[in-house]
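Asker: My questions concern the predicted model and sequence given below.
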Amino acid sequence: MGNRTLSVGHYYQLKTGTDQIIAFAVLYGFERGKNKDVYTVKLYTKKGDVEFPLKEAQFHQWMKEGRIREITADEALTYVTEP
């Protein structure tokens, strides 16, 4: 899964500065208007989930830093199920 672009309907894994790993899904994005290149993503954690906006430029910065990788839906489920 080497997708290097932010795509609606895809799942990604993000490593934070503290080496915590967070899974998120891209729900939808805007291609024009004042919110151009802003996507709504949903973070998945064992304690719940939260939606927030993500600018495409920020995603590319994380990609350049090697902190993002695309994951499968099955991998994303491992972040929300109890061990």
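Answerer: Nice, I can see it. No experiment lies behind these values; they were computed from the predicted model shown.

Asker: the helices in the protein, which residues?
Answerer: Taking DSSP state H, the helices of the chain run over residues 56-64, 73-77.

Asker: Check the ones you listed for me and report the most buried one.
Answerer: Ranked by mean neighbour count, those are led by helix 56-64 with a mean of 14 (mean count of other C-beta atoms under 10 Å). Where you see a C-beta, it was placed from the backbone N, CA and C, and this is true even at glycine.

Asker: Point out the one among the helices of the chain that comes closest to residue 10.
Answerer: Nearest of the helices of the chain to residue 10, taken as C-beta to C-beta: helix 73-77 at 9.3 Å.

Asker: ok, the nearest residue to residue 9 once chain neighbours are set aside to residue 73 distance?
Answerer: Nearest non-adjacent residue to residue 9, counting by C-beta to C-beta, 6 or more residues apart in numbering: residue 26, 6.7 Å away. Residue 26 sits 12 Å away from residue 73, going by C-beta to C-beta, to the nearest Å.

Asker: Find residues that contact each of the two.
Answerer: residue 11 (C-beta atoms under 8 Å, 6 or more residues apart in numbering).

Asker: for the protein, which spans come out with low pLDDT?
Answerer: Along the chain, the parts satisfying pLDDT under 70 run over 1-4, 81-83.

Asker: what sits against residue 23?
Answerer: Each residue near residue 23 by C-beta under 8 Å, 6+ apart is listed here: 11, 12, 13, 14, 43, 44, 71, 75, 76, 78, 79, 80.
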